[in-house]
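> How does the following fold in three dimensions:
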Amino acid sequence: MARILVADKISGLGLEILRSAGHQADERAGLSQAQLIEAITPYEGLIVRSATKVTASVIEAGSNLRLIGRAGVGVDNVDVEAATERGVIVMNTPYGNITAAAEHALALLMALARHVSAADASMKAGEWEKKKFTGVELGGKTLGVVGLGKVGSIVARVAQALDMRVVVCDPYLNPQRAKEMDVEPCELAVLLSEADFITLHVPLNESTRGMIGQREIALMKPTARLVNCARGGVVDEEALAGALRQGCIAGAALDVFGEEPLAADSPLRNLPNLVLTPHLGASTAEAQEKVSDDLVRQFVDYFARGEIRNPVNLAVTLKPHLAPYAKLAELLGSFAAQIVPGGISRVECRSYGQIGRSDEDAHVLAVFALQGVLGNRVDSRVNLVNVNRIARSRGIELDVQHGEEARTFKNLIFVRLQGEGAQRTIAGTLFDNNEPRIVKIDEFDIDLRPATWMLLMSYPDVPGMVGKFGTILGQAGINIAGMSVGRQEKRGKAVVVLTVDDPIPDPVLEKVRAAIDAEEAHCIRL
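Numbers count the residues shown, from 1 in each chain. Have a look, this model is predicted:
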């Protein structure tokens, strides 16, 4: 039996499941921080929703605490770092509100198409303006889905049932998955220019923040309608408001905002062709009950069998000699994933030398490489519990190989990715003091000490190239910290990797590409 403190309201069924499994579940919602700190000491488990803040002080006071569970996706109200430091597992429930989020996006699509909100307000004002609210049908139109994860997939399937053509922009969608779902992959610019309705289902990160701005909106049809139920910040709200005022697009619907709650004086509130909802994507009775039900069952499984599902901070224990190579494998996977265009269908990891002597060790390294590959390619946290499942759901095959001889190096790891008509190979090893080095990129030998920000380029090996890209980066205020060059012959093709102090903006990257006639140029972040 475990003592579990339920600090926020959950369903009665959830409490019943815990107690039926023999646990003591005490529901005490509404505790202040001081009260929670005073109460937490005897408990082994803590369940919260979004209201209770699980601070470092709470975790420190929970000397018996083994497991914290968040009934929902976000763990912003939990000090995960403090929990990790104390060896406390943090779980969430990332899948309970998928259907709710997809249905809300579809509801907003239909509300936009048929002017539901405006017509409702008009009727309640005593009016009967039938002609004013003539709508458009979804059937026969093109829906653009940006991000084909779990939520986006549901929206796509329903749209197809409504006889819509579905085009998808997802750089990590592989051809097999697209074929199975009968969707048309395309670049964002193509999607924006062809779609009658556009729905966003992407996480908020450096690459998606402001991804729909003035330039992107200008690509849309005047009759296009945009829906964002994903994350606030993905859409440039100022640019959208301006476009709606000027009639550049027909309408939009937002459930999420850059800052929440939305300010009372926000200009978004005064646009007649904009539908607003206060972050209701997961707000259904079923979703709220399901996340509670999912979480308590995870608690039961953990305290009964030690099974850990949906952890956000699982610490992986490795053999001491293998741990630094696992980190290297993850680094190589992340590097390779950022230079492979489009979807990935196969990840190969080969380990040689002392680290390649057993199937078990080789498999551990391969899983870490796969984790590196997927780390920036999915809209949920990737860890060693869910990485294989995520790979399978995306049709990615993992191939593990090992051998005892590494030839040039004592130990060596190869990571090879197969993408859409492209195959890339990265190899690395550890130097003294476990310092990682990338020693091969495709067929080119190289000696690269990885850094947080890097620029990989391949171009004709002729005099003057270094001066060209050096000048461009200098003018942009980007300092070059180091340079590694790989080539096979004079005046042939060269592969150059720069380590730089700051990220390289896309316009600067394109300027470098054009100046040196580069076959490729990638800004890489590790």
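> can you list the residues that contact stretch 299-315?
2, 4, 17-18, 21, 23, 44-45, 47, 67, 69, 75, 80, 83-84, 87, 89-94, 298, 381, 383-386 (C-beta atoms under 8 Å, 6 or more residues apart in numbering). In short, each C-beta sits where N, CA and C put it, glycine included.
> Likewise for stretch 401-414?
Against stretch 401-414 from outside (C-beta under 8 Å, 6+ apart): 325, 328-329, 332, 348-359, 361-362, 365, 369, 425-430, 439-440.
> Weed out the non-buried ones from those.
The neighbour count (16 or more other C-beta atoms under 10 Å) marks 325, 328-329, 332, 348-353, 355-356, 361-362, 365, 369, 425-430, 439-440 as buried among the contacts of stretch 401-414.
> Let's see which of these end up in strands.
Members of those lying in strands (criterion: DSSP state E): 348-353, 425-430, 439-440.
> So for stretch 81-97, mean pLDDT?
What stretch 81-97 shows for mean pLDDT is 85.
> and it, C-alpha only, in CSV?
This file holds the C-alpha atoms of stretch 81-97, laid out as CSV (Å, rounded to 0.1, in the frame of the first residue of the first chain):
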residue,chain,number,x,y,z
GLU,A,81,14.6,19.7,-12.1
ALA,A,82,14.1,19.6,-8.3
ALA,A,83,12.2,16.3,-8.6
THR,A,84,15.0,14.8,-10.8
GLU,A,85,17.7,15.9,-8.3
ARG,A,86,15.8,14.1,-5.5
GLY,A,87,15.2,11.0,-7.6
VAL,A,88,11.4,11.6,-7.8
ILE,A,89,9.8,10.4,-11.0
VAL,A,90,7.4,12.8,-12.7
MET,A,91,4.7,11.4,-14.9
ASN,A,92,2.1,13.1,-17.1
THR,A,93,-0.8,12.0,-19.3
PRO,A,94,-0.1,13.2,-22.8
TYR,A,95,-2.8,11.3,-24.7
GLY,A,96,-6.0,11.8,-22.7
ASN,A,97,-7.0,15.1,-24.5
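> what comes up buried for that stretch?
Residues 82-84, 88-94, 96-97 are the ones in stretch 81-97 that count as buried (16+ other C-beta under 10 Å).
> if we can go back for a sec, give me the lowest-pLDDT entry from the ones in strands among the buried ones among the contacts of stretch 401-414.
residue 353 (89).
> Specify the beta-bridge partners of that residue.
Beta bridges link residue 353 to residue 411, judged by DSSP bridges.
> where along the stretch 401-526 of the chain do the strands fall?
Using DSSP state E, counting those that start in this stretch, the strands of the stretch 401-526 of the chain run over residues 411-419, 423-431, 435-441, 444-448, 453-460, 480-487, 493-500, 520-525.
> now do the stretch 201-350 of the chain
Assigned by DSSP E, counting those that start in this stretch, the strands in the stretch 201-350 of the chain fall at 225-228, 251-254, 274-276, 344-353.
> circling back: can you name the two of the ones in strands among the buried ones among the contacts of stretch 401-414 that are farthest apart?
348 and 430 (20.1 Å; C-beta to C-beta).
> how distant is the lengthiest helix in the chain from the center of its chain?
Scanning the chain for the longest helix, with DSSP state H as the assignment, gives helix 285-305. Centre-to-centre, helix 285-305 and its host chain are 24 Å apart (C-alpha atoms, centre = their mean, to the nearest Å).
> Okay, buried residues for that helix please.
For helix 285-305, by 16+ other C-beta under 10 Å, it's 287-300, 302-303.
> Also stretch 6-21?
So stretch 6-21, judged by 16+ other C-beta under 10 Å, has buried residues 6-11, 14-15, 17-18, 21.
> Give me the mean pLDDT for it.
93.
> In this structure, where is pLDDT below threshold?
Along the chain, segments meeting pLDDT under 70 span 314-320, 379-381, 383-385, 406.
> mind giving me the domain ranges of it?
Domain segmentation of the chain under automatic domain parsing yields 3-95+286-305, 98-276, 323-525.
> Endpoint to endpoint, the second one covers what distance?
Domain 98-276 has its terminal residues 20 Å apart, counting by C-alpha to C-alpha, to the nearest Å.
> Show me how far that domain is from its chain's centre.
Its chain's C-alpha centre and that of domain 98-276 lie 20 Å apart, by C-alpha atoms, centre = their mean.
> Please apply the same query to the first one.
Put simply, domain 3-95+286-305 sits 25 Å off its chain's centre (C-alpha atoms, centre = their mean).
> Figure out the length between the terminal residues of that domain.
Taking C-alpha to C-alpha, the first and last residues of domain 3-95+286-305 lie 16 Å apart.
> could we number from 682 for the rest of this?
I'll keep to 682 as the first residue from here, and by that count the last item is domain 684-776+967-986.
> before we move on, the earlier item: determine which stretch of the strands of the stretch 882-1031 of the chain is the most buried.
Mean neighbour count (mean count of other C-beta atoms under 10 Å) peaks for strand 906-909 among those, with a mean of 27.
> ok, residue 1032 to residue 1138 distance?
As for residue 1032, its distance to residue 1138 is 29 Å (criterion: C-beta to C-beta, to the nearest Å).
> Revised request: answer the last question for residue 760.
Using C-beta to C-beta, residue 760 is found at 41 Å from residue 1138.
> picking up where we left off before, is it possible to get CSV of the strands of the stretch 1082-1207 of the chain that adds distance to residue 792?
Output for these, formatted as CSV (distance: least, C-beta to C-beta, whole Å):
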stretch, distance to residue 792
strand 1092-1100, 38
strand 1104-1112, 44
strand 1116-1122, 50
strand 1125-1129, 52
strand 1134-1141, 43
strand 1161-1168, 52
strand 1174-1181, 46
strand 1201-1206, 38
